[in-house]
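# sequence-free structure coming up:
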C-alpha cells in the first residue's frame, strides 16, 4: 500500500529488503538480481573491496608503483585498463621465462603479437610510463583520476551490467585517495600499500551509493542492521543455514 494515500500500487525494487543471518554468501543473490536487471545496494558489508573493479584498480595502481610486481602487472595488462590478451602476455613473458614488464618495454611492437595486441601493448607501455612520471609529482587523487580518464576506463564501465554502481565504486577510490592528500603525509606508495592490505583483509566498507535513500534499489543487509527499519516486503534467505559450532 502507498503510504501517502493508502491505495494499492505495484511493488518497486525499493520495497524489498533481503535480510541475511550472515553477509558472507551474498554472491548467488547478487548474481540473480543482476541477471534480472535489478539494481541493489549491499549495506555495511565487506562488499566494496571484494568487487572486481576494485581489484582491477589496485592492479593498475600497483603496476604504476612497482613494475616488478609480476602479479599486479599481469592483472593490469590483462584487465580493463590495458586490455591485452592471454596470448600477448605469454609472448611478452617469453612463455614465463622473462619479466613481463621487461617484455612490455622491449617487445610491445613485436611482430609476434596480433595486430590488436600490438596496438594495446604499445598503448600500455606509453600510458604506464606517462603515469609513472606523474607519480609523486601530482596529488594521489589527481593521478588516480587521470588513470581513469586517460585509459577510458570509466566510460567502459557505464556500458557494463550495473555500470553505475561500478563507476560509483571507482569514484570512491578517488575520494579515498583525496582523503590521504588532505592529510598531507602520505605518498602514492602508501596509498597502494593500503589498498592491497584492504584487499587481503577487507575492512567493513560498503559499496558506493548510486541513489539517495529513496532510490529504487533492493537492499541487502544483515538482520542485525535492519533493527529499527521498515520495508513493505522482506525476504529472509538461508533459513536452513547451520549455526556455528560454538
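Looks like it came in fine. Predicted model, so just to flag it, every value in this text is computed and none were measured.
# phi, psi for residue 232 please.
phi -60, psi -40 (degrees, to the nearest 10).
# could you check how far the nearest residue to residue 39 once chain neighbours are set aside is from residue 168?
Nearest residue to residue 39, sequence neighbours excluded (Cβ to Cβ, 6 or more residues apart in numbering): residue 217, at 4.6 Å. For every residue, glycine as well, the C-beta is placed using N, CA and C. Going from residue 217 to residue 168 by Cβ to Cβ, to the nearest Å gives 12 Å.
# for residue 14, see how far away the residue nearest to residue 39 is.
From residue 217 over to residue 14 the distance is 6 Å, taken as Cβ to Cβ.
# would you mark the buried spots in the helix or strand harbouring residue 149?
Assigning secondary structure by DSSP states H and E places residue 149 in helix 140-151. Neighbour counts using 16 or more other Cβ atoms under 10 Å place 140-141, 143-145, 147-148, 151 of helix 140-151 among the buried residues.
# do the same with stretch 183-203
Applying a neighbour-count criterion of 16+ other Cβ under 10 Å, one finds 186, 188, 191-192, 195-196, 198 buried in stretch 183-203.
# just the ones of the residues you listed in helices?
Applying DSSP state H to those, the entries found in helices are 188, 191-192, 195-196, 198.
# dump those residues into JSON lines; add pLDDT and distance to residue 90 as well.
Converted to JSON lines, these look like this (pLDDT from 0 to 100; distance: Cβ to Cβ, whole Å):
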{"residue": "188", "pLDDT": "95", "distance to residue 90": "30"}
{"residue": "191", "pLDDT": "95", "distance to residue 90": "31"}
{"residue": "192", "pLDDT": "95", "distance to residue 90": "27"}
{"residue": "195", "pLDDT": "92", "distance to residue 90": "28"}
{"residue": "196", "pLDDT": "91", "distance to residue 90": "25"}
{"residue": "198", "pLDDT": "87", "distance to residue 90": "31"}
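# tabulate those (a markdown table), appending distance to residue 238.
Below are those laid out as a markdown table (distance: Cβ to Cβ, whole Å):
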| residue | distance to residue 238 |
| --- | --- |
| 188 | 41 |
| 191 | 37 |
| 192 | 36 |
| 195 | 31 |
| 196 | 31 |
| 198 | 27 |
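# ok, so of these, who is nearest residue 86?
Nearest to residue 86, judged by Cβ to Cβ, of those is residue 196 at 23.5 Å.
# for the closest residue to the closest one other than its chain neighbours, what are its contacts?
Excluding the flanking residues, the one nearest residue 196 by Cβ to Cβ, 6+ apart is residue 58, at 6.1 Å. Residue 58 makes contact with 72, 192, 195-196, 199, according to Cβ atoms under 8 Å, 6 or more residues apart in numbering.
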